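In: how would this look folded up:
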Amino acid sequence: MKYLIFILLILMSSLAYSSGGTASGTISNVYVNNTWTMVSIPEITDNPDNCESTSYYAIVPSDQNYSVLHSTLLAAHIAGRKVKFWVNGCGGQNGRHPKIVSVWVY
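Out: Below is the predicted model:
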């Protein structure tokens with residue numbers, strides 16, 4: 001029985017990234033580099049995966065649908081529309097920021 005509990009604890013700890021949705025807010029700035037795109041939204045501070053910083057939320061070119069996410073973020077910023085995210089893991093500059101998986105635009 002002890003071994004079963006030990007194995008379950010190990011399996012549960014391997015699922016450490018919890019992912020989750022964020023509040024909504026308006027993008028105040030976009031920071032683009034050749035290895036990531038990051039957006040700052042002061043109203044959003046959600047951090048389900050305990051990344052080092054929530055000053056930005058990030059996507060990276062190797063992400064699936066990077067071009068679509070990048071274009072959506074830019075369009076929302078230009079239009080001044082509110083967004084919210086589903087985030088999973090950490091990414092962006094030095095892997096310090098919540099990593100965007102999907103974007104809702106309001």
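
In: for stretch 29-47, which positions count as buried?
Out: 30, 36, 37, 38, 39, 40, 41, 44, 47 (16 or more other CB atoms under 10 Å). All C-beta spots, glycine's among them, are computed from the backbone N, C-alpha and C.

In: the residue nearest to residue 39 when sequence neighbours are not counted - how many residues pack around it?
Out: Nearest residue to residue 39, sequence neighbours excluded (CB to CB, 6 or more residues apart in numbering): residue 27, at 4.9 Å. Neighbours of residue 27 under the rule other CB atoms under 10 Å: 21.

In: tell me the contacts of residue 27?
Out: Applying CB atoms under 8 Å, 6 or more residues apart in numbering to residue 27 gives the contacts 39, 40, 41, 73, 76, 77, 83.

In: pull the most distant pair out of the residues you listed.
Out: 40 and 76 (12.8 Å; CB to CB).

In: quick one, helices of the protein?
Out: All helices of the chain, identified by DSSP state H, fall at 2-13, 66-79.

In: these: lowest mean pLDDT?
Out: Of all the helices of the chain, the minimum mean pLDDT falls on helix 2-13 (a mean of 43).

In: low-confidence ranges, the chain, go.
Out: Low-confidence segments of the chain (pLDDT under 70): 1-17.

In: ok, residue 21 - contacts?
Out: 46, 84, 85, 86, 87.

In: looking at these, which are in strands?
Out: 84, 85, 86, 87 (DSSP state E).

In: residue 85 against residue 104, yeah?
Out: Yes. With contact defined as CB atoms under 8 Å, residue 85 reaches residue 104; the gap is 7.5 Å.

In: reformat the contacts of residue 21 into TSV and put distance to residue 96 next to each item.
Out: As requested, the contacts of residue 21 are exported to TSV (distance: CB to CB, whole Å):
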residue	distance to residue 96
46	15
84	21
85	16
86	19
87	13
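
In: right, I'll call it a day here.
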